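>>> Quick one: sequence plus predicted model below, questions after.
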Amino acid sequence: MRSRIAVRGVLLVLALLVATPLAAEAQPKDSQPRVGHLFVIPSSATAHLREAFRQGLRELGYVEGRNVDLEIRHAHGNLDTLRAGAEELTRSKVTLIVASLTAVRAARAIKDIPILYTISGDPIEAGLAQSLPRPGGNLTGSTFLSLEIAGKRVELLKQALPHLRSFAALSNTDHPGEKSELRATETAAQRLGINLVYVAFSQSPFGASPELDKALETVRRARPDAMIVFPEGATMANRVSLAAFAIAQRLPSMFGWSEYVSAGGLMSYGASLRETHARLAGYADKILKGAKPGDLPVEQPTRFELVINLRTARELGLTIPPALLLQADHVLE
């Protein structure tokens, strides 16, 4: 009798040991938080940003398909598709929506779902926040705008080109915060005795680029020594053609994000899009645990990276000073 009881006890313990991990991991599908993620740029160009956000969630204990679901929507540069994606996420009653860069243009119309965004411009000027410390409403996130960085790009370009006398500043006036960024760039140029040729265009990141094409023709006719392109949605969407234009015109180019350099630009200096999307997972965690977006401060960049493309330098016949190369965080050979 005792042996039978002992066997039954062992079997019961084994059953509990097997069942317990399954019970801990299992979570009813309907109770899992569902996070929507909106992108304007095609999926092939944003895979690293999606993965950065996923990695950030994993580090906080969220595993896709186990205790969180992600629903990705790409607009592929089409505003109607972007709006449709935002509406679809709203109808599916996601817990939270993450809008990358200009995708926030569609997500901002949603009022009953928390919205996390990354924006290259000024969220206050864009109407996304009442203030950076307390944005209010149902939106918060991260801005890449840093006026100190705008001036630093001029200084780095001067280091790369000691005899720099003029540069074109290619700027989208549709970009919130553009005037402030331009003033910071002008101030740095004046301090260094460099002539700035302001070339403005107005264009959203959706559809054809007639305004941008006209602006590039203006740059070509001005014949500057170099070109600085302000980082935002429209230039990001056209980064390959911008890099190709600069090389064809023998123009050393400075951009705001490393993605432009990977596309063929000469240099970039600014915050990392990848790191920012990874950090955004921390805000997602807080909101999923009950925090209100309007109480979470809009983050500003604190770490910046200098990226240099030596392949492009060789195409342009440039020798990057060794001292500048030592400052670089990444060098593309």
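Thanks, I have it.
>>> switch to C-alpha atoms for all contacts and neighbour counts from now on
OK.
>>> What does the pLDDT read for Thr102?
Thr102 is assigned 81 on the pLDDT scale.
>>> can I assume Arg34 is in contact with Leu96?
Yes: contact criterion C-alpha atoms under 8 Å: Arg34 and Leu96 qualify, at 6.9 Å.
>>> Strands along the stretch 101-250 of the chain, start to end?
115-119, 139-143, 166-172, 195-201, 226-229 (DSSP state E, counting those that start in this stretch).
>>> In CSV: those strands, plus mean pLDDT.
Converted to CSV, those look like this (pLDDT from 0 to 100):
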stretch, mean pLDDT
strand 115-119, 93
strand 139-143, 95
strand 166-172, 97
strand 195-201, 97
strand 226-229, 98
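>>> Please identify which of the ones you listed is closest to Glu181.
Closest approach to Glu181 among those is made by strand 166-172 (9.2 Å; C-alpha to C-alpha).
>>> which outside residues touch that closest one?
178, 182, 194-203, 215, 219, 224-230, 232, 234 (C-alpha atoms under 8 Å, 6 or more residues apart in numbering).
>>> From those, list the buried ones, please.
Using 16 or more other C-alpha atoms under 10 Å as the burial test, the contacts of strand 166-172 include 178, 182, 194-201, 203, 215, 219, 224-230, 232, 234 as buried.
>>> possible to save the strands of the stretch 101-250 of the chain as a markdown table with distance to Ala103?
Listed next are the strands of the stretch 101-250 of the chain as a markdown table, based on distance: least, C-alpha to C-alpha, whole Å:
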| stretch | distance to Ala103 |
| --- | --- |
| strand 115-119 | 8 |
| strand 139-143 | 13 |
| strand 166-172 | 17 |
| strand 195-201 | 20 |
| strand 226-229 | 21 |
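>>> And the contacts of stretch 51-60?
When contacts are defined by C-alpha under 8 Å, 6+ apart, stretch 51-60 is touched by residues 63-64, 274-275, 277-282, 285.
>>> Report the buried residues of it.
52-57.
>>> Mind picking the one among these that's closest to Val261?
Checking the buried residues of stretch 51-60 against Val261 with C-alpha to C-alpha, the nearest one is Ala52 at 19.2 Å.
>>> so the closest one is in which element?
Here Ala52 sits within helix 43-59, counting by DSSP states H and E.
>>> which residues touch the helix or strand just after that helix?
Using DSSP H and E, the helix or strand that follows helix 43-59 in sequence is strand 69-74. With C-alpha under 8 Å, 6+ apart as the test, strand 69-74 has contacts from 32-43, 64, 81-82, 85, 89.
>>> from these, which ones fall inside helices?
43, 81-82, 85, 89 (DSSP state H).
>>> Helices of the chain, start to end?
In the chain, the segments counted as helices under DSSP H are 2-25, 43-59, 79-91, 104-107, 147-160, 178-191, 210-222, 233-237, 239-248, 258-262, 273-288, 310-316, 322-327.
>>> quick one: buried residues of the fifth one?
Within helix 147-160, the residues that count as buried by 16+ other C-alpha under 10 Å are 149-158, 160.
>>> Just want the angle from it to helix 178-191.
With axes from the mean of the first three to the mean of the last three C-alpha atoms, to 10 degrees defining the directions, helix 147-160 sits at 40 degrees from helix 178-191.
>>> Pull the distance from helix 147-160 to the chain's centre.
Between the centre of helix 147-160 and the centre of its chain there are 20 Å (C-alpha atoms, centre = their mean, to the nearest Å).
>>> Just list what it packs against, helices and strands only.
helix 178-191, strand 267-270, helix 322-327 (3 or more C-alpha pairs under 8 Å, 6 or more residues apart in numbering; DSSP states H and E).
>>> ok, Leu38 - contacts?
72-75, 82, 85-86, 97-100, 103.
>>> just to revisit the earlier point, can you say which of the contacts of strand 69-74 are buried?
Applying 16+ other C-alpha under 10 Å to the contacts of strand 69-74, the neighbour count classes 33-41, 43, 81-82, 85, 89 as buried.
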